[in-house]
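K.L.:
build me a structure from this.
(chains A and B)
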Amino acid sequence: MALTRRQRARLVRLVTIVVPLAVGAVLIALADWAAIQRAFFQPDIAADLFPDIVTTGVRNTLIYTFFAFVGGLAIGLLMALMRLSSIPPYRWFATAYIELFRGVPAIVTLLAVGFAIPIALDWRVPGDYGPASVALAIVAGAYLAETIRAGIQGVPKGQVEAARSLGMSSTRTMVTIVIPQAFRLMIPPLTNELVLLVKDSSLVYVLGSTADTIELNKFGRDAVAREFNGTPITVVALLYLAITLPLTRVAAWLETRGGGGR
Amino acid sequence: MIPAIEVQGLRKAFGDHVVLDGIDLVVPAGEVVCVIGPSGSGKSTLLRCINRLEEPTGGRILIEGEDITDPECDIDDVRTRIGMVFQQFNLFPHLDVMTNLTIAPRRVRKLPKAQTIELADAMLARVGLSEKVHAYPGQLSGGQQQRVAIARALCMEPDMMLFDEVTSALDPELVGDVLEVMRSLARDGRTMVVVTHEMGFAREVADRVVFMDAAAIVEEGTPAQVLGQPTHQRTRRFLERVLNQ
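P.N.:
Okay, the predicted model is just below:
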């Protein structure tokens, strides 16, 4: 039997509002809140994690992120310029690099830099943070290259023409006119890349770590195994949010403010 | 005397599309040449070939006797002698007016800072915008931006100036100030090539008017000849269309 339009609207309202509310109410009523609290929210276990989880875990997560981001920016800028080069082999190399390290899981790159290269070449990237930071920077460089290329191409062509017509060389034009404007365009996407890196730094556990270089996620997992309880994961999640939320807020703010100079 | 600009048999094609088909043009030093013609006639491309923002497909271009189509030519050096002003102003939005004016004199001409500031102050006064020295381009009106762009080109103390439809993007009430600056440059005896739709300006200021249509120069002569008594049908039709607006 066909429904009238009004009947159909009422049915849709029922399905989209009433049903989820009912399901939620049933779940809340049935849930074993005491068990959930025991498993994930034990204040004494949480308290025991401090201050080490911040002074070691958060600190090392920030260190890996910093090295990966700075290294990734350098690699990314180089690859972006090569990709835009008029010399074909440069373009081919940059394209191959970008496709390779975006296409392969970051964990594979980590294992390659951390284990495969030392075995094959009998040489290891020096420093406690070295191998993992280099691997993360290599991967970040591939993603940042595309962000930077888009930023450079987002600068109007007339800017280059004006600079060249004043007698500036192509290099001088790139450095004084194009890149400063490109970075302004790139602040929001770069902030997003930074947030992704904060989270990707949790992958460095595959290379193993010492008590000094352990990052936030691994710190939490070790605590879970030790305490046989889920509370540390809750703390870890909250600490990640404490790092990433301010960053995404800053990105959103910059985006709304976006390009005030133009 | 060697002419400022000499274009010989210039050809430019984008793929199969021929934009300039055998252009010959001589601009003696001190002359003001206005290039007019319907859109798509190739006049902007001609101008952009003169400082090689567009690479010519064939022919030669001599700037003060130097062949700039020669691969050995240092085009960056030649460009310091050719000022160019664009339809869209193309000021550097991340730099204030003073830096827009001083960056090329400092970085390209390697002049000392004090001298570039002096130069910039003088040129800004010349276009009547001394009070805007610390403004950013985004804070200026279109007409003001275009006058700053003219001042920026003048700060290189070029031997000649190219103007590419510099009033086309402006609101009508702002056109006058920009034309006034260009008039004063012409009075100073500066070599200028002006691509324009401003027939009044061409009539009043040009030593010579060049009419282009369909990738070629159709006729050229004094403003009185070309604008007053055009010999070609195509020129007459174009002028009728433009002047009846």
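K.L.:
counting neighbours, what do you get for residue 121?
P.N.:
You didn't say which chain, so I picked chain A. Neighbourhood size, residue A:121 [other Cβ atoms under 10 Å in any protein chain shown]: 8. C-beta coordinates here come from the backbone N, C-alpha and C atoms, glycine included.
K.L.:
um, chain B though
P.N.:
By the criterion of other Cβ under 10 Å, residue B:121 has 16 neighbours.
K.L.:
go on, residue B:197?
P.N.:
Residues lying near residue B:197 (other Cβ under 10 Å) number 15.
K.L.:
where does it land on pLDDT?
P.N.:
For residue B:197, the pLDDT comes out at 91.
K.L.:
dump the residue contacts of it.
P.N.:
Going by Cβ atoms under 8 Å, 6 or more residues apart in numbering or on different chains, residue B:197 touches B:36, B:165, B:167, B:168, B:242.
K.L.:
how far away is it from residue B:213?
P.N.:
Going from residue B:197 to residue B:213 by Cβ to Cβ, to the nearest Å gives 14 Å.
K.L.:
same deal with residue B:186?
P.N.:
According to Cβ to Cβ, residue B:186 and residue B:213 sit 25 Å apart.
K.L.:
and for residue A:93?
P.N.:
For residue A:93, the distance to residue B:213 - Cβ to Cβ - is 47 Å.
K.L.:
if you count surrounding residues, which of these two has more?
P.N.:
Each of residue A:93 and residue B:213 has its neighbours counted (other Cβ under 10 Å); residue B:213 has more, 20 against 15.
K.L.:
center of chain A, which residue is that?
P.N.:
Closest to where the C-alpha atoms of chain A average out (Cα atoms, centre = their mean) is residue A:196, at 0.9 Å.
K.L.:
what strand or helix carries that one?
P.N.:
helix A:179-200 (DSSP states H and E).
K.L.:
list the buried residues in whichever helix or strand comes after that helix.
P.N.:
Next helix or strand after helix A:179-200 toward the C-terminus (DSSP H and E): helix A:216-227. Neighbour-count burial for helix A:216-227, counted by 16 or more other Cβ atoms under 10 Å in any protein chain shown, picks out A:216, A:217, A:218, A:219, A:220, A:221, A:222, A:223.
K.L.:
could I get these in JSON lines, plus columns for pLDDT and distance to chain B?
P.N.:
Formatted as JSON lines, these follow (pLDDT from 0 to 100; distance: Cβ to the nearest Cβ, whole Å):
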{"residue": "A:216", "pLDDT": "84", "distance to chain B": "37"}
{"residue": "A:217", "pLDDT": "86", "distance to chain B": "39"}
{"residue": "A:218", "pLDDT": "87", "distance to chain B": "42"}
{"residue": "A:219", "pLDDT": "86", "distance to chain B": "42"}
{"residue": "A:220", "pLDDT": "85", "distance to chain B": "43"}
{"residue": "A:221", "pLDDT": "87", "distance to chain B": "46"}
{"residue": "A:222", "pLDDT": "87", "distance to chain B": "48"}
{"residue": "A:223", "pLDDT": "84", "distance to chain B": "48"}
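K.L.:
switch those residues over to a markdown table; also include distance to residue A:109.
P.N.:
Putting the buried residues of helix A:216-227 into a markdown table (distance: Cβ to Cβ, whole Å) gives the following:
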| residue | distance to residue A:109 |
| --- | --- |
| A:216 | 21 |
| A:217 | 18 |
| A:218 | 18 |
| A:219 | 23 |
| A:220 | 23 |
| A:221 | 21 |
| A:222 | 24 |
| A:223 | 28 |
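K.L.:
which pLDDT value goes with residue A:262?
P.N.:
pLDDT for residue A:262: 42.
K.L.:
per-residue confidence for the residue nearest to residue A:163 when sequence neighbours are not counted?
P.N.:
Using Cβ to Cβ, 6 or more residues apart in numbering or on different chains and skipping the chain neighbours, the partner closest in space to residue A:163 is residue A:173 (4.1 Å). With respect to pLDDT, residue A:173 has a value of 95.
K.L.:
what do you get for residue A:28?
P.N.:
With respect to pLDDT, residue A:28 scores 88.
K.L.:
same check, this time on the one 3 residues further on
P.N.:
Model confidence at residue A:31, expressed as pLDDT, equals 85.
K.L.:
again, but for the one 3 residues further on
P.N.:
Per-residue confidence (pLDDT) for residue A:34: 84.
K.L.:
next one: residue B:131
P.N.:
Residue B:131 carries a pLDDT value of 95.
K.L.:
hang on, it in a helix?
P.N.:
Yes: counting by DSSP: H, G, I helix; E, B strand; the rest coil, residue B:131 is located in a helix.
K.L.:
against chain A, how distant is it?
P.N.:
Residue B:131 sits at a distance of 20 Å from chain A (criterion: Cβ to the nearest Cβ, to the nearest Å).
K.L.:
residues in contact with that residue?
P.N.:
Under the criterion of Cβ under 8 Å, 6+ apart, the contact list for residue B:131 is empty.
K.L.:
show me where the chain dips below the pLDDT cut-off.
P.N.:
No chain in the question, so chain A it is. Along chain A, segments meeting pLDDT under 70 span A:1, A:255, A:257-262.
K.L.:
not quite, I wanted chain B
P.N.:
Using pLDDT under 70, chain B drops low at B:245.
K.L.:
who in it is up against chain A?
P.N.:
Proximity of chain B to chain A, by Cβ under 8 Å from any Cβ of the partner chain, involves residues B:51, B:53, B:76-77, B:79-80, B:82-84, B:86, B:88, B:90-94, B:103-104, B:107-109, B:136, B:138, B:149, B:152-153, B:156.
K.L.:
just the ones in helices from these, please.
P.N.:
Secondary structure from DSSP state H places B:76, B:77, B:79, B:103, B:104, B:107, B:149, B:152, B:153 of the residues of chain B next to chain A in helices.
K.L.:
would you mind listing the buried residues in the helix holding residue A:196?
P.N.:
A:179, A:181-191, A:193-195, A:197-198, A:200.
K.L.:
what subset of those residues is also close to chain B?
P.N.:
Residues of the buried residues of helix A:179-200 in contact with chain B (Cβ under 8 Å from any Cβ): A:181, A:184.
K.L.:
what sits against residue B:217?
P.N.:
Contact partners of residue B:217, counting by Cβ under 8 Å, 6+ apart, are B:23, B:24, B:25, B:210, B:211.
K.L.:
residue numbers of chain A in contact with chain B?
P.N.:
By Cβ under 8 Å from any Cβ, the residues of chain A that approach chain B are A:156, A:158-159, A:161-169, A:172, A:176-177, A:180-181, A:184, A:260-262.
K.L.:
show me the residues you listed that map onto strands.
P.N.:
Secondary structure assignment by DSSP state E places none of those in strands.
K.L.:
so what's residue 57 up against?
P.N.:
Let's take chain A. Contact analysis of residue A:57 by Cβ under 8 Å, 6+ apart lists A:214, A:215, A:216, A:217, A:218, A:219, A:220, A:236, A:239.
K.L.:
should've been chain B
P.N.:
B:11, B:12, B:13.
K.L.:
just how off-centre is stretch A:187-206 within its chain?
P.N.:
The chain centroid and the centroid of stretch A:187-206 are separated by 2 Å under Cα atoms, centre = their mean, to the nearest Å.
K.L.:
to clarify, my last question referred to stretch A:107-125.
P.N.:
Relative to its chain's centre, stretch A:107-125 lies at 23 Å (Cα atoms, centre = their mean).
K.L.:
buried residues in that stretch?
P.N.:
Neighbour-count burial for stretch A:107-125 [16+ other Cβ under 10 Å]: A:107, A:109, A:110, A:111, A:113, A:114, A:117.
K.L.:
now do the helix holding residue A:196 and helix A:216-227, the angle between them.
P.N.:
Going by axes from the mean of the first three to the mean of the last three Cα atoms, to 10 degrees, helix A:179-200 is angled at 10 degrees with respect to helix A:216-227.
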